[in-house]
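> Next come a sequence and a model predicted from it.
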There are 4 protein chains.
Amino acid sequence: MEELSRAGKQALKSQPFSALMGARLTSLSEGKAVLEVPIREELLQQNGYVHGGVISYIADNALMFAGGSVLGPAVLTSEYKINYLRPASGETLVARASVVNAGRRQAVCRCEVFTTGAGRKETFCAAAQGSIVSVSAPREA
Amino acid sequence: MEELSRAGKQALKSQPFSALMGARLTSLSEGKAVLEVPIREELLQQNGYVHGGVISYIADNALMFAGGSVLGPAVLTSEYKINYLRPASGETLVARASVVNAGRRQAVCRCEVFTTGAGRKETFCAAAQGSIVSVSAPREA
Amino acid sequence: MEELSRAGKQALKSQPFSALMGARLTSLSEGKAVLEVPIREELLQQNGYVHGGVISYIADNALMFAGGSVLGPAVLTSEYKINYLRPASGETLVARASVVNAGRRQAVCRCEVFTTGAGRKETFCAAAQGSIVSVSAPREA
Amino acid sequence: MEELSRAGKQALKSQPFSALMGARLTSLSEGKAVLEVPIREELLQQNGYVHGGVISYIADNALMFAGGSVLGPAVLTSEYKINYLRPASGETLVARASVVNAGRRQAVCRCEVFTTGAGRKETFCAAAQGSIVSVSAPREA
């Protein structure tokens, strides 16, 4: 399990965009992933809330890590949908994803995105569902 | 029309995250929006392709601008789904969104995301569909 | 609670299409709904499995009943997405839906669809997520 | 092309549920499919409009026929999302689907659902997007 977590952290580190986002993989176990992004000014939209693109990023990536935890490291998000639930503000954006069903080469996963912060309770901001596919074989269009 | 385009550019500029992404609103007319992001190292994933989070960002934001072009400037993406079609690489990421159907307070929009570059033909990378809602009244959870 | 369940059964009975499908609302409580459809020859596709349209029907309707349990009876499905997981066969199709997040006029709900039958364990066939909206005010396009 | 259309009609006929729905494949060519369902009392919901389950059925099936027109006859809908746009009433429900992008084993397709009738113009009722997959190899969960 620790190995899985270490491999996941390595995978996240190898994504330049995840570095730009400041993402941290705080937990990875079989079928579950937790990803966090500290909220900073650069990640906001016009009203001072976290930009939807950041919420999509963290949901998409958490779905992928959850799927990868059962399919192996060579995976991609094939498709997903997201419902934004309420404006996101706070100190940290947290995405918790889990596998709903896994086959040999595809996993359907779900994710919930929250904001947290010192002295405040979690706020539920978005819910996503999507398919992660194994790409050990060459990916097709 | 020029006024719409000017207002759109102003709106994009007021989003710190869109500045971080380097996004440009290259066209905005009634029911249509084109958004571009120059591809740079920081926006990539582990295999050297544009990170899915960037593609989601541009799709989501283009959907929102298309919806806003008919609903007015105070809009939010309520939900969307995206299918990734193939790895994205090139010089520029381009998202073209259009309104499929609009009511008074909600617009269903679609978006296609491409990559372009000098001397190469466009590559179709992702297709999205979602709902944009007017938030002139206070938004509810 | 029994009143909610009674009202739900009444609502289902008032849908001619649900009668054609043979649907039964086996449980309805605040935030949760269980809908069942006995599997019969007429509901199958070419390979002898339950047709995707039947699975979509039961998922959509279960999402709507779950949403209606918190929003009130005058609700409609606004949008949803569904992932089919495996071929569905057995005696009964069962959809269990629950509210993920509810505002005053909109509820985001999720649903899992299973098949069951005497002497066999449940098979997980589809997962859905969507938005249910209140239409006490006149619905807009 | 006529052969494609004939094979499609045969495929539709082999689905007992499509017979129950009264569906007709009025057109099938490479990358495009048109499916129709005559609207009758049994297909309605409580307010006298076509039930969402019927709209989902026709969208899902039209997506599948469009995908099958480029991938071959052994295909299944893997996943889709649908936005309902307005209540559907009239004489005939019409779904027009087309391929957005096709690989060797997967096609992303879109569909628009309308109602038509003598002396009335078409009403746009729903928009869908989803993935169709080839199942010539044994399908995995």
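Thanks, I have the structure now.

> Disregarding flanking residues, what is the spatial nearest neighbour of A:Y57?
B:G53 (3.1 Å; Cβ to Cβ, 6 or more residues apart in numbering or on different chains). To be clear about C-beta, it is placed using only N, CA and C from the backbone, and glycine gets the same treatment.

> Need the per-residue pLDDT for the one you found.
Listed pLDDT for B:G53 reads 97.

> and after the strand or helix carrying it, which helix or strand comes next?
Assigned by DSSP states H and E, B:G53 belongs to helix B:52-71. Helices and strands here follow DSSP H and E; after helix B:52-71, the next one along the chain is strand B:75-84.

> chain center to that following strand: distance?
A distance of 10 Å separates the centroid of the chain from that of strand B:75-84, by Cα atoms, centre = their mean, to the nearest Å.

> That strand pairs with which strands?
strand A:75-84 (antiparallel), strand B:120-134 (antiparallel) (DSSP bridges).

> Return the most buried member of those strands.
Highest mean neighbour count among the strands paired with strand B:75-84 (mean count of other Cβ atoms under 10 Å in any protein chain shown): strand A:75-84, with a mean of 26.

> who's in contact with A:V37?
By Cβ atoms under 8 Å, 6 or more residues apart in numbering or on different chains, the residues touching A:V37 are A:21-24, A:43, A:54, A:57-58, A:92-93.

> Would you reformat the residues you listed as JSON lines and include neighbour count?
Below are the contacts of A:V37 laid out as JSON lines (neighbours: other Cβ atoms under 10 Å in any protein chain shown):
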{"residue": "A:M21", "neighbour count": "27"}
{"residue": "A:G22", "neighbour count": "14"}
{"residue": "A:A23", "neighbour count": "24"}
{"residue": "A:R24", "neighbour count": "16"}
{"residue": "A:L43", "neighbour count": "23"}
{"residue": "A:V54", "neighbour count": "26"}
{"residue": "A:Y57", "neighbour count": "30"}
{"residue": "A:I58", "neighbour count": "27"}
{"residue": "A:T92", "neighbour count": "16"}
{"residue": "A:L93", "neighbour count": "28"}
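
> List the ones among the residues you listed that fall in helices.
Members of the contacts of A:V37 lying in helices (criterion: DSSP state H): A:21, A:54, A:57-58.

> Closest one of those residues to chain B?
A:Y57 (3.1 Å; Cβ to the nearest Cβ).

> which residues touch the closest one?
A:Y57 neighbours (Cβ under 8 Å, 6+ apart): A:17, A:21, A:23, A:37, B:51-54, B:56-57.

> Spell out which parts of chain A neighbour chain B.
With Cβ under 8 Å from any Cβ of the partner chain as the criterion, chain A meets chain B at residues A:11, A:14-21, A:41-46, A:51-54, A:56-58, A:60-61, A:64, A:76-87, A:139, A:141.

> mind redoing it with 6 Å?
A:14-17, A:20, A:41-46, A:51-53, A:56-57, A:60, A:77, A:79, A:81, A:83, A:86, A:141 (Cβ under 6 Å from any Cβ of the partner chain).

> Could you pull up phi and psi at A:S98?
phi -150, psi 160 (degrees, to the nearest 10).

> Same check on A:R104?
Dihedral angles (degrees, to the nearest 10) for A:R104: phi -80, psi -40.

> what sits against the residue positioned nearest the centre of chain A?
Central residue of chain A (Cα atoms, centre = their mean): A:A62, 2.0 Å from the mean position. For A:A62, the contacting residues are A:33, A:35, A:95, A:97, A:111, by Cβ atoms under 6 Å, 6 or more residues apart in numbering or on different chains.

> if we go to 10 Å?
Contact analysis of A:A62 by Cβ atoms under 10 Å, 6 or more residues apart in numbering or on different chains lists A:23, A:25, A:28, A:32-36, A:94-98, A:109-113, A:128.

> Just want the angle from the helix holding B:G53 to strand B:75-84.
140 degrees (axes from the mean of the first three to the mean of the last three Cα atoms, to 10 degrees).

> Spatially nearest residue to A:Y49, not counting backbone neighbours?
Using Cβ to Cβ, 6+ apart, the closest residue to A:Y49 is A:P87 (4.1 Å).

> What helix or strand is that neighbour located in?
Assigned by DSSP H and E, A:P87 belongs to no helix or strand.

> Show the model's pLDDT score for it.
Predicted confidence (pLDDT) for A:P87: 95.

> how many other residues sit next to it?
18 (other Cβ atoms under 10 Å in any protein chain shown).

> where in chain A is pLDDT low?
Low-confidence segments of chain A, defined by pLDDT under 70: A:1, A:137-141.

> Up against chain C, what does it have?
A:79-86, A:100-103, A:106, A:108-110, A:112, A:124-131 (Cβ under 10 Å from any Cβ of the partner chain).

> Close to chain D: what parts of chain A are there?
Residues of chain A lying near chain D (Cβ under 10 Å from any Cβ): A:78-81, A:101-108, A:129-131, A:133, A:139-141.
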